[in-house]
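**Student:** Predicted model and sequence follow; I will ask about them next.
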Amino acid sequence: MKIYYFLLYLAGIFCYYLHMRTSVFIHLDRFLRNFNAVKARIGKEKRVCVPVKADGYGHGALQIAKISEEAGAFCLGVATVDEGIELRKGGINIPILLMSQPDPQEIPEIFKASLTPFVSDSWFVNALNEQAVLLKTRLPVHLKIDTGMCRTGCRAEEAAALAGQITKCTFLELTGTATHLAAADSTDLKDIACTRTQLTCFRDAVNAIRTAGIDPGIVHAANSGAVILHPDSWFDMVRPGILLYGYKAAQENENSNFPYEPLTVEPVMELKSTVVMIKKIKKGESVSYGRIWTAEEDTNIAILPAGYADGLPRIVSGKWQAIIGGNAYPLVGRICMDQCFVNLGINTTVRRWDEAEIFGSSHDASALAEAANTIPYEITCNISKRVPRIYMNK
Ligand SMILES: *Cc1c(COP(=O)(O)O)cnc(C)c1O
C-alpha cells in the first residue's frame, strides 16, 4: 500500500512539472484533512460513510475509497452495482452501501461483490432472499425509510413491518436503517422545519422497529448539509459527500448559539490547463463560434485546450476567468468542445506553455458552479474521462 502511494506521488510530481495540457489535480492530503474535520465535529464514536458514487464525485472512486479506508471510514456509498464491483476489484474490503435501486438482473452481482443494498420494499427483500437461499450466503441490508424526500425508501408507517420481514429471512441481516434529507443544506426557516419533521418521522419509525423487538442496526441520515447544520441527525453514522470533497453545502449561522466551531474544508480538486498558443487579434475581429465576442482593441488571445467535453460548462462562456501567473484573465468567446479562449490584453507577460488554472485554490468549483447556475457536485462529476486525474500529496 505504501509503495502504491509513493508511485502515485512520484507520478503526481512528474505530471505537475510537465504541465500536462489539461488535467485535474486531486489533493489527497486535503481530502484527509476534510475527513478528520468531519470526524472532529461529529465525535470519535460516530462512524463515517464516504459516498464515492459517480466515480467519487469525479475525483476517482478507487483512490478516494483507498484513502478513506485507511483513514478509518466505516463504509462507502455507491449508486450502481458496477461502481461497487469496481471497488472490490480494486481491493476495497470495507462495507459498500448500494444506495440506489438496482434492477433484478443485477441481484447475483450484489452477492458476488458483497454489497450492502438499501431495501425499500418487500418485493426486493424477497428477491434478495431467494438469491441468498440459492447461494446459501448471508447478505447484510439497510432498511431505507422515506421520510419526505419521496425518492426510494418505504413509507415510515411500513418500516417496522418491513424490518420484520427482513429479520424473518434467515439469510438476510438487517445491519442498518437510514433515511435521506431533502433540504438539510438550507438555512431557510421553512426548510429547517421540514428537516426537523423528517427527523422526527425517522426517529418514530426507528422506535417502532425497536418496539417490535428488532435491532435497526446502524442508524443514519445525515448528508453534508446535515453534518453542518443538524447535529440531531447524526445518529450512529453520517454520509457527507460534497463536504469531504471540500465544498461547504451550507454555512453555519453565526448568530445562533450553535455549539460547534465552524467547519473548515478545502476543495480537493483543481482543473489546470496550458496555454498552447497565443494569437494576436486585431480590434474588430471576433473569436470563436457564433462571434459572440469581438475585440474592442488589439489584444492577445491565449488558447487553452479545455472545453465543454472536458467539463468546462459552455454556459460560462464570457463569465469566467483563468488564472495564469497569479493573474485572472477573462474567458472570451464561446467555449468550444475542446478549447477555450482567454483575453490577455495587448501587453502581456503570459507566455506559451504557461500553466492556466481553470478552477482551484484561487477560484474553486463552487464559484464556477455559481457562474454556471448549478452546484459544485455537477461541476466535479462532469469532469470527463479524458481528463487525467493526478493524485498529489499522499
Ligand atoms: C449522495 C448521497 C449522499 C451524500 O450527499 P451530499 O449532499 O454530497 O453530502 C448521502 N446519502 C445518500 C443516500 C446519497 O445518495
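**Tutor:** Perfect, thanks for sending it. Numbering: from 1, shown residues only.

**Student:** can you pull the buried residues of stretch 324-340?
**Tutor:** Within stretch 324-340, the residues that qualify as buried by neighbour count (16 or more other C-beta atoms under 10 Å) are 324, 329, 331, 332, 333, 334, 335, 336, 339, 340. For the C-beta atoms, the positions are set from N, CA and C on the backbone; glycine is no exception.

**Student:** go on, stretch 161-178?
**Tutor:** By neighbour count with 16+ other C-beta under 10 Å, stretch 161-178 contains the buried residues 162-163, 165-167, 169, 171-178.

**Student:** how far does that stretch stretch from start to finish?
**Tutor:** When the termini of stretch 161-178 are compared using C-alpha to C-alpha, to the nearest Å, they are 15 Å apart.

**Student:** so does that stretch get close to the ligand?
**Tutor:** No - applying C-beta under 6 Å from any ligand atom, one finds stretch 161-178 separated from the ligand by no less than 7.1 Å.

**Student:** Any chance you could list what contacts that stretch?
**Tutor:** For stretch 161-178, contacts defined as C-beta atoms under 8 Å, 6 or more residues apart in numbering pick out 95, 97, 116, 118-119, 121-122, 125, 128-129, 132-133, 136-145, 154, 159, 205-206, 209, 212, 214-221, 237.

**Student:** Select the longest helix from the protein.
**Tutor:** Secondary structure assigned by DSSP state H gives helix 189-211 as the longest helix of the chain.

**Student:** Partner strands of the helix or strand just after it, with direction?
**Tutor:** Sequence-wise, the next helix or strand beyond helix 189-211 is strand 218-222, with elements assigned using DSSP states H and E. Partners of strand 218-222 in the sheet, by DSSP bridges, are strand 172-178 (parallel), strand 237-238 (parallel).

**Student:** Would you mind pulling the contact partners of the helix or strand following strand 218-222?
**Tutor:** Elements were assigned by DSSP H and E; along the chain past strand 218-222, the next helix or strand is helix 224-229. Among residues not part of helix 224-229, those counted as contacts by C-beta under 8 Å, 6+ apart are 38, 41-42, 181, 183-187, 192, 195, 233-234, 238, 240-244, 248-252, 263.

**Student:** for stretch 199-215, same thing?
**Tutor:** With contacts defined as C-beta under 8 Å, 6+ apart, stretch 199-215 is touched by 143, 145, 147-148, 156-157, 159-160, 163-164, 167, 174, 177, 179, 181, 216, 219, 221, 230, 232-233.

**Student:** give me phi/psi at the residue in the chain positioned nearest to the ligand?
**Tutor:** Here the chain gets closest to the ligand at one residue, residue 241, 2.5 Å apart by C-beta to the nearest ligand atom. Backbone geometry at residue 241, expressed as degrees, to the nearest 10, gives phi -100, psi -70.

**Student:** So residue 55 is in contact with residue 65, correct?
**Tutor:** No - using C-beta atoms under 8 Å as the test, residue 55 is too far from residue 65 to be in contact (10.6 Å).

**Student:** Which one's more surrounded, these two?
**Tutor:** Neighbour count, other C-beta atoms under 10 Å: between residue 55 and residue 65, residue 65 has more, with 24 against 20.

**Student:** Shouldn't the more buried one be within a helix?
**Tutor:** Yes - judged by DSSP: H, G, I helix; E, B strand; the rest coil, residue 65 forms part of a helix.

**Student:** so what's it up against?
**Tutor:** Counting by C-beta under 8 Å, 6+ apart, residue 65 touches 50, 52, 56, 76, 87, 90, 92.

**Student:** residues in contact with the second one?
**Tutor:** Shown in contact with residue 52 (C-beta under 8 Å, 6+ apart): 61, 64, 65, 68, 76, 77, 78, 83, 87.

**Student:** go again using 7 Å as the cut-off
**Tutor:** Remark: with contacts taken as C-beta atoms under 7 Å, 6 or more residues apart in numbering, residue 52 is in contact with 61, 64, 65, 76, 77, 78.

**Student:** ok, and the most crowded of the residues you listed?
**Tutor:** With neighbours taken as other C-beta under 10 Å, the top of the contacts of residue 52 is residue 76, carrying 29 neighbours.

**Student:** Specify the next element, helix or strand, located C-terminal of the helix or strand where it lies.
**Tutor:** For residue 76, the element it lies in under DSSP H and E is strand 75-78. Scanning forward in sequence from strand 75-78, with DSSP H and E defining helices and strands, the next element found is helix 81-89.

**Student:** Dump the C-alpha coordinates for that following helix into CSV.
**Tutor:** Listed in CSV are the C-alpha atoms of helix 81-89, where the atom choice follows Å, rounded to 0.1, in the frame of the first residue of the first chain:
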residue,chain,number,x,y,z
VAL,A,81,-23.7,-2.3,-8.8
ASP,A,82,-20.9,-1.7,-11.3
GLU,A,83,-19.5,1.0,-9.1
GLY,A,84,-19.4,-1.5,-6.2
ILE,A,85,-17.7,-4.1,-8.4
GLU,A,86,-15.0,-1.7,-9.4
LEU,A,87,-14.1,-1.0,-5.8
ARG,A,88,-14.0,-4.7,-4.9
LYS,A,89,-11.8,-5.4,-7.9
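
**Student:** quick one: contacts for the residue nearest the centre of the chain?
**Tutor:** What sits nearest the mean C-alpha location of the chain, by C-alpha atoms, centre = their mean, is residue 57, with 3.5 Å. Applying C-beta under 7 Å, 6+ apart to residue 57 gives the contacts 241, 242, 245, 377, 380, 381.

**Student:** which parts of the protein sit against the ligand?
**Tutor:** Contact residues of the chain with respect to the ligand, defined by C-beta under 6 Å from any ligand atom, are listed as 51, 53, 99, 180, 223, 224, 239, 240, 241, 242, 243, 249.

**Student:** Return the subset of the residues you listed lying in strands.
**Tutor:** When DSSP state E defines the strands, the subset of the residues of the chain next to the ligand inside them is residue 51.

**Student:** Thanks a lot, catch you later.
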